[in-house]
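Colleague: Coordinates for the following, if possible.
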Amino acid sequence: MKIQSLLTVAAISVLSSCGNHGKQAENNNPMSPNNPFAKPSTLPFQVADFTKIKDGDFKPAIEEGIKQQLAEIDSIANNTAEPTFDNVFVAMEKSGELLRRVNGVFNMLSGANTDSVLQKVSEEVAPMLSDANDAIYLNSKLYKRVEVIYNNREKLNLDPESKRLVEFYYQKFQLSGANLSDNAKDSLKKLNSEDASLEAKYTNQLLAAAKAGVLVVSDTAELAGLSHAEIEAAAALAKANKQPGKWMLSLQNTTQQPILPSLTVRATRQKLFEASCNRAEKNDSNDTRATILRIAKIRAEKAKLLGYANYASWTLVDQMAKKQETVDQFIARLVPAASAKVKQEAADIQKLIDEQKGGFQLQPWDWEFYSEQVRKAKYDIDENQIKPYFELDSVLKNGVFYAANQLYGLTFKERHDIPVYNKDVKVFEVFDKDGSSLALFYCDYFKRENKNGGAWMDNMIPQSKLLDTKPVIFNVCNFTKPVEGQPALISFDDVTTMFHEFGHGLHGMFADQEYPSLSGTATPRDFVEFPSQFNEHWASYAQVFNNYAKHYKTGEPMPQELVDKIKKAAKFNQGYELTEIIAAAALDMQWHEITTENSVQDVDKFEAAALHKTNLDIPQVPPRYHSTYFLHIWSNGYAAGYYAYLWTEMLDDDAFAWFKEHGGLTRENGQHFRDIILSRGNTQDFATIFRNFRGSDPNIEPMLENRGLVEEKK
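Modeller: From the prediction side, this is the model:
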């Protein structure tokens, strides 16, 4: 559920998920004047024309974009005029037009519709983009000009956003090593370049590992418990991979797999679970252990070079939490309540296994299957009863879009004249409450073998008044695609994912900034998940739920009895769900708290020790991601940042408590949230932004209540 991209585009178009550097591009294959990226697109919103773009267009366009931007940066740094806000900061914000344009499209395709050529390009351009970052943030002349403005910022009568931009850049230069000696800068460049290359390599290894790790089944009896549609989809996947007469169960990028609750054959569950856990640990070319060991060591070395105790201390400086100790204490505060709840849940499941004379102790591949039975016994819920009421198109238009209309006055019109990169992609123009065109929204919901796992949002084009651009947003998910002619029926978890990613989309659509570096979702990790997780609440809000949860055949609303069961079951299994996320967050922090003096030699031993240290070594509850396939932290810019999902859950639950206190789903409340939270971008201190909305600092109690870990206050 994360904003995902290999090449995150900031104002100066660098590989921000790495913050790294490499060798300057050698433009041996100059960009043709006919390259589709050579000029801005003439299509609406300047969106890419996918009918004209070929894989071979990307690398020369990126190389030329780097060349142009470095020339622009050189001009800014060597300007003999006195430094001013305009000739330094505005000039930097305008630089890199071509690179920004091509990166926006490359991010989209390399994550959602990649192939061997794009994978190769991603590995080749990572160090090039890394060098572009170095050329900017380790440029002594440029830094001196930035420093002059920063030191005089209180005297320049800058508007608040411009002042924020000055402070943003100054901090970024400092964190990037602008104050280092020339020798130290050279060392940092080498580390950054290697890190950038390894992160790109890791992403490609993991995608290949997931593809190679599919579970192949030869006997349909092994798939007992799956629906007819799910079995057909598994057969279609096998046929597409030249194994007709067999069935393939693909892997999503989490430890537990979505179909485990349905599989009645225990041996199949174990095989699928182990295929998931071991996907990147097979001592082959897709084994990621050596790659992540080196990345972790590089990050520790970078932190030491920059004067920080470890990588976590360095990367948290510009986050809402600020300090490593704050995050560790926050995680530790959640462990007792979550682990107590999970022990209770495990006892309930073991009791059921014993009652059924299973003759075995609960294992992680059993949890989802038997917890589903416990859930059915307690709440009499069957996913096959629920899914017919969650047809994807209805969820989107009558749920996600409807909530946005009721809260913010938005309306949506599907565009069939905008080219897409895959036939599954839909495009909608978004209109504001006054009828003006606000944004363009792409959605790509179905799983493909050439798509990265998980779900994410990103900008193809960021909003900026300075650049005169409106936001072009895309949401990507990995729902199972139905067989041709069948409806796309999804689970309530999938429904929640759609609302989540669209919450990110709203954060991008409502951006109202002058400068692209501060626009929309360009916020710290531990704030950016707040709007998305907050938007999840509307998925189960009665007025919204009743508008989309209708049977795909009859159009009848979901029976109230079934609705009540879903609501009652919402807090079920929360001990497990929270514990697996806490375990992943704790694992992430410990990977990034290592130092050059205590570097890791063995991934598996380190992980086991890390979980034991935090009292999270619960055999039946593995981390949501094991180290080897933890894409968020090794390639998606969430290093020492996975805690952000929990931190922002605290923010979103407290914010929703405010909505409940003030009348719920109303335009007035929506406007307040838009004005104070969704439209601010990175223009204020984030603790201040939250206090301005809530009237106080965030309270953790609504989060614990929402999870069912403490009794809800009446």
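Colleague: do you know how far Gly399 is from Leu392?
Modeller: Relative to Leu392, Gly399 is positioned 10 Å away (CB to CB, to the nearest Å). Every residue, glycine included, has its C-beta placed from N, CA and C.
Colleague: quick one, strands of the stretch 151-300 of the chain?
Modeller: 215-217, 247-249 (DSSP state E, counting those that start in this stretch).
Colleague: residues shared between the contacts of Gly399 and Leu392?
Modeller: Residues within reach of Gly399 and of Leu392 at once, by CB atoms under 8 Å, 6 or more residues apart in numbering, are Met498.
Colleague: in the stretch 601-714 of the chain, what spans have low per-residue confidence?
Modeller: The stretch 601-714 of the chain contains residues with pLDDT under 70 at 711-714.
Colleague: ok, 90 please
Modeller: 635-637, 704-714 (pLDDT under 90).
Colleague: Can you list the residue ranges for helices in it?
Modeller: Remark: helices assigned in the stretch 601-714 of the chain by DSSP state H, counting those that start in this stretch are 603-613, 631-634, 644-661, 667-673, 686-694, 701-706.
Colleague: could you redo the ones you listed as CSV and give each row mean neighbour count and distance to Gly359?
Modeller: Converted to CSV, the helices of the stretch 601-714 of the chain look like this (neighbours: other CB atoms under 10 Å; distance: least, CB to CB, whole Å):
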stretch, mean neighbour count, distance to Gly359
helix 603-613, 16, 28
helix 631-634, 24, 37
helix 644-661, 21, 37
helix 667-673, 16, 53
helix 686-694, 17, 52
helix 701-706, 20, 37
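Colleague: of all those helices, which lies closest to Val425?
Modeller: Smallest distance to Val425 across those (CB to CB): 22.0 Å, for helix 631-634.
Colleague: how long is stretch 174-185 from one end to the other?
Modeller: End-to-end distance of stretch 174-185 (CA to CA, to the nearest Å): 12 Å.
Colleague: Give me the buried positions along it.
Modeller: Neighbour-count burial for stretch 174-185, counted by 16 or more other CB atoms under 10 Å, picks out 174-178, 180, 185.
Colleague: repeat for stretch 372-385
Modeller: By 16+ other CB under 10 Å, the buried positions in stretch 372-385 come out as 372, 374-376, 379, 381, 383.
Colleague: Out of those, give me the two with the largest separation.
Modeller: Within the buried residues of stretch 372-385, Val374 and Glu383 form the most distant pair, 14.0 Å apart (CB to CB).
Colleague: hmm, back to that, nearest to Pro336, of the helices of the stretch 601-714 of the chain?
Modeller: helix 701-706 (11.0 Å).
Colleague: Check which helices and strands the closest one sits against.
Modeller: Applying 3 or more CB pairs under 8 Å, 6 or more residues apart in numbering; DSSP states H and E, one finds that helix 701-706 contacts helix 644-661.
Colleague: now what about the helix it packs on, what contacts it?
Modeller: Contacts for helix 644-661 (CB under 8 Å, 6+ apart): 1, 319-321, 327, 330-331, 334, 524-534, 536-537, 581-582, 585, 638, 665, 669, 673, 677, 690, 693-695, 698-700, 702-703, 705-706.
Colleague: How about stretch 703-712?
Modeller: By CB under 8 Å, 6+ apart, stretch 703-712 touches 337-338, 341, 571-572, 574-575, 578, 649-650, 653-654, 701, 713.
Colleague: rerun at 6 Å
Modeller: 337, 341, 571, 574, 578, 649-650, 653 (CB atoms under 6 Å, 6 or more residues apart in numbering).
Colleague: what are the C-alpha coordinates of it, in PDB please?
Modeller: Written as PDB, here are the backbone C-alpha positions of stretch 703-712 (Å, rounded to 0.1, in the frame of the first residue of the first chain):
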ATOM      1  CA  MET A 703      -5.700   3.600  17.300                       C
ATOM      2  CA  LEU A 704      -5.700   1.000  20.100                       C
ATOM      3  CA  GLU A 705      -9.500   1.200  20.300                       C
ATOM      4  CA  ASN A 706      -9.900   0.800  16.600                       C
ATOM      5  CA  ARG A 707      -7.700  -2.200  16.700                       C
ATOM      6  CA  GLY A 708      -9.700  -3.700  19.600                       C
ATOM      7  CA  LEU A 709      -6.700  -3.700  21.900                       C
ATOM      8  CA  VAL A 710      -8.300  -1.600  24.500                       C
ATOM      9  CA  GLU A 711     -12.000  -1.100  25.400                       C
ATOM     10  CA  GLU A 712     -13.600   1.600  23.300                       C
END
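Colleague: Determine how far it lies from the middle of the whole chain.
Modeller: 25 Å (CA atoms, centre = their mean, to the nearest Å).
Colleague: returning to what we had before: Glu429: which of the helices of the stretch 601-714 of the chain is closest?
Modeller: Across the helices of the stretch 601-714 of the chain, Glu429 has its closest neighbour in helix 667-673 (20.2 Å, CB to CB).
Colleague: shaky segments in the stretch 51-200 of the chain?
Modeller: Per-residue confidence of the stretch 51-200 of the chain (counting by pLDDT under 90) places the weak regions at 123, 126-127, 130-132.
Colleague: please redo it, this time with the cut-off set to 80
Modeller: Applying pLDDT under 80 to the stretch 51-200 of the chain flags no residue at all.
Colleague: Ok, which of the helices of the stretch 601-714 of the chain comes nearest Leu260?
Modeller: Among the helices of the stretch 601-714 of the chain, helix 631-634 comes nearest to Leu260, with 20.2 Å by CB to CB.
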